[in-house]
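**Q** All I have is the shape, not the residue letters:
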């Protein structure tokens, strides 16, 4: 127990001091399920110790959310409290830092009508669009971390009893976030430096396209003309360096909206809005998904793709080696924050403006001319495997190998 508390304290310190990088007199907003209350208190204490002037907690409860989706009149699913959306946007405008604790329950809504889930999801996304713009453009410092709930740990370790599986998942989190290192901050400094080397290498290459080839996948992704690769850390509008995802193993950039062609097959399950989508294949034509089939979760996949016009186009492409620590753990986490860092992945939906040169200062028309995709969603799904080969193609059509057998060449 003493060792656990020691690591938990280091995890909270890492989140506040390194990931979020809270500044003196900054407001910190923590968005969290109520199951994480004890951890939230620890984070709150760390935030005040780092100089925060206030810590605002935005509580949520998965069971209450599920009850509403099952039983509330459909008309109320088309409503979202504007005071809540406006309050978040106001705090972002005033320079607050945002920390989200992501503890998914991928079976939460499996018995709920996907149409009702889709209505609620679209309503929420539309209401929060102004707030999310601050995060997606890195105007504020923000962070996502995970916390092992009973429901999540049961999915990862179904053969263990509740206490054992929660402990086991904590053990994995401490390891994969480098909290088990003697000096986690220095370990993260070294890790960020290695990812930055890959970022710089790719930015110097200036590829026009990437070609992904693996069983079930033969996909060409044209990169945005002014694309820039990003890794690990980012800088907010106010000059605060932060690491938005802990863990992170990826380098990523912006595809050109209409430049994706071919077929891609998922390699890990996707937990989306309380439901699982598994074994799915997408066919792209001039950037758009024109066919989509799933072994599990077909209706949920269809609803996701029909969220809006941009939901059928890509907003991100990310490279992650198969020998990353998360992949080598041999586990499926049913949590995109972890699974996306075990595998090369792409994202349907909204692009990140900071992944093209000058993107954060462009107006909507300029962004669109530079390949940007606008959508209410941004959903990462995993396509990498030990069989993945990736080539980079230059403007003149010549190509060179980037990945073979799932790893950097």
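**A** Yep, that arrived. Predicted, not measured: the structure shown is a model, and the values here were computed from it. Numbering: from 1, shown residues only.

**Q** from here on, contacts and neighbour counts on C-alpha atoms
**A** Noted.

**Q** I'd like to know which elements the helix or strand hosting residue 45 is packed against.
**A** According to DSSP states H and E, residue 45 maps onto helix 37-49. With contacts taken as 3 or more C-alpha pairs under 8 Å, 6 or more residues apart in numbering; DSSP states H and E, helix 37-49 sits against helix 2-13, strand 27-33, strand 54-60.

**Q** ranking the ones you listed by burial, who's on top?
**A** Counting by mean count of other C-alpha atoms under 10 Å, strand 27-33 has the highest mean neighbour count of the helices and strands packed on helix 37-49, with a mean of 22.

**Q** Can you classify residue 371 by secondary structure?
**A** Following DSSP: H, G, I helix; E, B strand; the rest coil, we place residue 371 in the coil state.

**Q** Leaving out sequence neighbours, find the closest residue to it.
**A** residue 256 (4.3 Å; C-alpha to C-alpha, 6 or more residues apart in numbering).

**Q** quick one: strands adjacent to the helix or strand hosting that neighbour?
**A** Secondary structure from DSSP H and E places residue 256 in strand 255-265. Here strand 255-265 is paired, per DSSP bridges, with strand 217-223 (antiparallel), strand 275-285 (antiparallel).

**Q** Comparing those, which comes out most buried?
**A** strand 217-223 (a mean of 22).

**Q** Report the rounded mean pLDDT for it.
**A** Across strand 217-223, pLDDT averages out at 98.

**Q** I'd like the next helix or strand past it.
**A** Downstream of strand 217-223, the next assigned helix or strand under DSSP H and E is strand 230-231.

**Q** quick one: secondary structure of residue 322?
**A** With three-state DSSP as the basis, residue 322 sits in coil.

**Q** so how many other residues sit close to the closest residue to it other than its chain neighbours?
**A** Using C-alpha to C-alpha, 6+ apart and skipping residues adjacent in sequence, the residue nearest residue 322 is residue 406, 4.9 Å away. Residue 406 has 22 neighbours, counted by other C-alpha atoms under 10 Å.

**Q** Phi first, then psi, for residue 406.
**A** Residue 406 adopts backbone torsions of phi 90, psi 0, taken as degrees, to the nearest 10.

**Q** which residues does it contact?
**A** Residue 406 sits next to 321-323, 384-389 when contact means C-alpha atoms under 8 Å, 6 or more residues apart in numbering.

**Q** Could you pick out the buried ones from these?
**A** Buried members of the contacts of residue 406, scored by 16 or more other C-alpha atoms under 10 Å, are 321-323, 384-385, 388-389.

**Q** quick one on the thing from earlier: out of the helices and strands packed on helix 37-49, the one nearest residue 189 is which?
**A** Nearest to residue 189, of all the helices and strands packed on helix 37-49, is helix 2-13, at 14.9 Å by C-alpha to C-alpha.

**Q** No further questions, thank you.
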